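> Curious how this folds, go ahead:
(2 chains)
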Amino acid sequence: MTAALTGDPAVAPAAPPPTALRRALPLLAAPVAFFVAFFAVPMVVVLSSSLMAGGAPSLANYARVLLDQYHWDVLAVTFRIAALTTLAVTLLGYPLAYYLVRVVSSNALRRSCVILLLLPLFTSNIVRSFGWMILLGRNGLVNDTLVGVGLLERPVRFLGTETGIVIGLVYILLPFIVLAVGNALATVDPTLEEASADLGSSPFTTFWTVTFPLCLPGLIAGVIMVFTLAASAYVTPALLSGGKITVFPMLIFQQYSTVFDVHYGGALSITLLVFTLVLVALAGRIGNGGGNRS
Amino acid sequence: MTSLRAATCCAALMAGAAFSQPAAAQTSLTVAWYGGNWGEAFRTCVAEPFTKATGIKVVPEIGTSTVTLAKLQQQKGAPTIDVAWMDGGISELAQAAGVTGAIDPQAVPNLAKVSPEAVYKADGAVFAVGTGYYSLGLTYNTQKVKTPPTSWNDLWKPEFAGAVTIPSPANSSGVPFLLFLNKIWGNPANDLSKTFAKLKTLDTALYFDSSGAASNAYQSGEAIIGAHFSVGAWDLADKGLPIGFVVPKEGVWATDARLHLVKGTPRAAEAARFIDTALTPQAASCLAEKLYLGPSVQGVSVAPDIERKLPWGVGGSVKNLQLFNWADINRDRGAITDAWNRELARQ
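Residues are numbered from 1 along each chain as shown, chains lettered A, B, ... in the order given. All right, here's what the predicted structure looks like:
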């Protein structure tokens, strides 16, 4: 218990002695400079350009985005794809993480499974999405197999559908949730589960009342990560949609890369950012609620 | 403390690099061009002969036209790029952004040999010169499509349903291709509604964002007929894939890769010499050989097998290409992209 308490950042010494702070400042300088140069400054540039129209400060770009039903429709498609991806990734990733942490007993096997899981991350997103275009095509491996074994009469269309985009995103984002949940599971004290079993709970009850709530923060962190990455993904939806479905990042890309309207593009970017942050804040709230209940 | 020392060290290194730059500048010229087989061809056909003749090293700065334009805008006033290749369309935007300098016909004697269509002027001064044309023609799978198509309307044939591809507005050819179709169908220039209505009835496999995505679709058989760039289509055919490229009876929309002298470059004389090298008949025929670019230099002859692969098709010339006014296209780009999104890019 004491160890857990001192490990908690909330109860860590609140004010370090001034000398320690002075010593930490140069160390902080590099990350702060990096953050300011490559995150804060570009963000301010995007925000300020979104607030300009015709050379004068104006909210016209936001009116153009928010007062148009079309943008709400695209936003709905974007968040529906992100939510479905998150759900599928969770349903696949949670059992996988559980298996890797709790069932696999050999360290060597676990390590090779994690390497296998991470290996695709070393390949460019574009290459992997092109790979899915080939696999999911009309004459691709997936359709050929399904038709070959008699499950389908003729090829199903995956490219240019939301299903195709979700498949591609699930593949790319699966490692994130497995790592987040796996780390949380590995830190759950096994004596707590043993105590629950000693008190007569079935393994199922123990899982739902002890293990699951304890690794919920890890799961929520993974879910937030996956949801934000899926909602902001450009390459995978752009390639797998075949240009027939539009998600918000594609609208933003169009404005910056071919139309060169940085004001409207900026307003689109900030809109997506704000809506994503709101949804993430809601998810964080649910996560905290779960944490308190346990 | 260690990080501080490292930072000082870095700063010193950077300062050193800055001081050593003028010395290096005397013997090198920075030229922006595209990646892949384009960059390779520009290196072989222009940069290497230039270095051989002058002893000046060419440092490539690889990027697409839009990326190059963005770099030039950031470097305005103190450019590090001396010469830049950019496509038609982006070229006009670069001129409007004030990053292109005047190309002096005195300093570039070969400019006189270039066909007048490929010398681009604004306010009386030359701001760009074309180094070769490419077109967006009718491309098809020669195994799946038995009779070669002859018209853009063949894309609507029932046997091609679900296996057609055309560019999306995210591609540089997307908006001009739409205007091209509008023109060949005889629809009014300022009203695209009929063209959109007809495109809605086209059963496509995909709208391609990039030339690479189009090549991928033809290669995998996802698309068996549609539009593709002459450079990309012939590249597939040369790799042994069953791909054919034709110029249909309505013609093709085309554009070109252009050279620009960057405004304010301290190496203007060397840059002009480089542009002059790119406009020699040798360079033009070399680019025709490597990329099947239609020469903009007059009187260039190429081998018969190369000639049939040029952007204007068998027996054609630059007169057969539909070269639109990019200023009009750029003006309407936002509105047309928006209409496309609403009409075609949703289910």
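
> now the residue sitting nearest the centre point of chain A: how far from chain B?
Using C-alpha atoms, centre = their mean, the residue of chain A that lies closest to the mean C-alpha position is residue A:226, 1.4 Å off. Residue A:226 sits 24 Å away from chain B when distances are taken as C-beta to the nearest C-beta, to the nearest Å. Just so you know, the C-beta spots here come from the backbone N, C-alpha and C atoms, and that holds for glycine as well.

> quick one: which helix or strand includes that residue?
The secondary structure element spanning residue A:226 is helix A:216-232 (assigned by DSSP states H and E).

> Does the helix or strand following that helix reach chain B?
Sequence order places helix A:235-240 as the next helix or strand after helix A:216-232, per DSSP H and E. Yes. Figure legend: helix A:235-240 in contact with chain B (C-beta under 8 Å from any C-beta of the partner chain); contacting residues A:238, A:239.

> contacting residues for the residue nearest to the centre of chain A?
For residue A:226, the contacting residues are A:85, A:86, A:89, A:90, A:173, A:176, A:177, taking C-beta atoms under 8 Å, 6 or more residues apart in numbering or on different chains as the criterion.

> And for residue B:107?
Shown in contact with residue B:107 (C-beta under 8 Å, 6+ apart): B:268, B:269, B:272, B:273, B:276.

> Counting neighbours, which of these comes out on top?
residue B:272 (23 neighbours; other C-beta atoms under 10 Å in any protein chain shown).

> Helix or strand: which one has that residue?
Secondary structure from DSSP H and E places residue B:272 in helix B:268-278.

> any idea of the mean pLDDT for that helix?
The average pLDDT for helix B:268-278 rounds to 96.

> Show me where the stretch 51-200 of chain B has its helices.
B:65-74, B:90-96, B:174-184, B:193-200 (DSSP state H, counting those that start in this stretch).

> So for residue A:38, which of the ones you listed sits nearest?
Relative to residue A:38, the nearest member of these by C-beta to C-beta is helix B:65-74, separated by 15.1 Å.

> residues of that closest one that come out buried?
Under the neighbour-count criterion of 16 or more other C-beta atoms under 10 Å in any protein chain shown, helix B:65-74 has B:65, B:66, B:67, B:68, B:69, B:70, B:71, B:72 buried.

> Tell me the spacing between the last one and residue B:36.
In this case it means residue B:72. Per C-beta to C-beta, to the nearest Å, residue B:72 is found 21 Å from residue B:36.

> Quick check: the residue nearest to the centre of chain A vs residue A:90, distance?
Taking C-beta to C-beta as the measure, residue A:226 and residue A:90 are separated by 8 Å.

> Quickly list what's touching both of these two.
Contact criterion C-beta under 8 Å, 6+ apart; residues bridging residue A:226 and residue A:90 by contacting each: residue A:177.

> Stretch B:319-334 near chain A at all?
Yes. Judged by C-beta under 8 Å from any C-beta, stretch B:319-334 comes into contact with chain A through B:333, B:334.

> So for the very next helix or strand once past the helix holding residue B:272, what gets flagged as buried?
Per DSSP H and E, helix B:268-278 leads on to helix B:281-291 as the next helix or strand towards the C-terminus. Within helix B:281-291, the residues that count as buried by 16+ other C-beta under 10 Å are B:283, B:284, B:285, B:286, B:287, B:288, B:289, B:290, B:291.

> Contacts for the host helix or strand of residue A:254 next, please.
Following DSSP H and E, one finds residue A:254 within helix A:248-254. Contacts to helix A:248-254, defined as C-beta under 8 Å, 6+ apart, come from residues A:71, A:74-75, A:78, A:231-234, A:237-238, A:241, A:265, A:268-269, A:271-272, B:169-170, B:337, B:341.

> quick one: buried residues of the next helix or strand after it?
Under the assignment DSSP H and E, the closest C-terminal helix or strand after helix A:248-254 is helix A:262-293. Counting neighbours by 16+ other C-beta under 10 Å, one finds that the buried residues in helix A:262-293 are A:262-273, A:276, A:279-280, A:283, A:287.

> Quick one: list the elements packing against helix A:262-293.
Contact here means 3 or more C-beta pairs under 8 Å, 6 or more residues apart in numbering or on different chains; DSSP states H and E; on that basis helix A:262-293 packs against helix A:41-50, helix A:60-66, helix A:69-98, helix A:212-214, helix A:216-232, helix A:248-254.

> residues touching residue 149, list them.
Let's take chain A. With C-beta under 8 Å, 6+ apart as the criterion, no residue contacts residue A:149.

> oops, I was thinking of chain B
Here residue B:149 is in contact with B:138, B:140, B:155, B:225, B:246, B:248 (criterion: C-beta under 8 Å, 6+ apart).

> With residue B:135 instead?
Neighbours of residue B:135 in contact, by C-beta under 8 Å, 6+ apart: B:229, B:230, B:247, B:252, B:253, B:254, B:294, B:311, B:312, B:321.

> Let's see that with 10 Å instead.
Remark: with contacts taken as C-beta atoms under 10 Å, 6 or more residues apart in numbering or on different chains, residue B:135 is in contact with B:173, B:227-231, B:233, B:245, B:247, B:251-256, B:292, B:294, B:310-313, B:316, B:320-323.

> Just the buried residues of the longest strand seen in chain B, please?
Ordering each strand of chain B by length in residues (DSSP state E) puts strand B:125-141 first. The neighbour-count criterion (16+ other C-beta under 10 Å) identifies B:126-141 as the buried residues of strand B:125-141.

> So which of those is the closest to chain A?
Comparing these against chain A with C-beta to the nearest C-beta places residue B:141 closest, at 11.3 Å.

> Check what pLDDT that closest one gets.
Taken from the predicted model, the pLDDT recorded for residue B:141 is 96.

> Which pLDDT value goes with the closest residue to residue B:144 other than its chain neighbours?
Distances taken as C-beta to C-beta, 6 or more residues apart in numbering or on different chains place residue B:224 nearest to residue B:144, at 4.3 Å, with adjacent residues excluded. In this model, residue B:224 is scored at 95, pLDDT.

> tell me the contacts of residue B:224?
A:138, B:139-145, B:159-160, B:162-165, B:205, B:217-218, B:242-243 are the contacts of residue B:224 under C-beta under 10 Å, 6+ apart.

> Kindly report the same for residue A:240.
By C-beta under 10 Å, 6+ apart, the contact list for residue A:240 reads A:129-130, A:132-133, A:136, A:158-169, B:206.

> Which residue ranges make up each domain of chain B?
B:2-133+B:256-310, B:134-254+B:324-343 (automatic domain parsing).

> ok, of the ones you listed, where does mean pLDDT dip lowest?
Out of the domains of chain B, domain B:2-133+B:256-310 stands lowest, with a mean of 87 (criterion: mean pLDDT).

> quick one: residue A:19 and chain B, what's the gap?
Taken as C-beta to the nearest C-beta, the spacing of residue A:19 relative to chain B amounts to 14 Å.

> ok, and residue B:237, which helix or strand is that part of?
Element membership of residue B:237 [criterion: DSSP H and E] is helix B:230-238.

> Report all helices and strands that that helix contacts.
In terms of contact count using 3 or more C-beta pairs under 10 Å, 6 or more residues apart in numbering or on different chains; DSSP states H and E, helix B:230-238 is assigned the packing partners helix B:36-42, strand B:125-141, helix B:211-220, strand B:225-229, strand B:243-246, strand B:252-261, helix B:281-291.

> Next, the buried residues of it.
Within helix B:230-238, the residues that qualify as buried by neighbour count (16+ other C-beta under 10 Å) are B:230, B:231, B:232, B:233, B:234, B:235, B:236, B:237.
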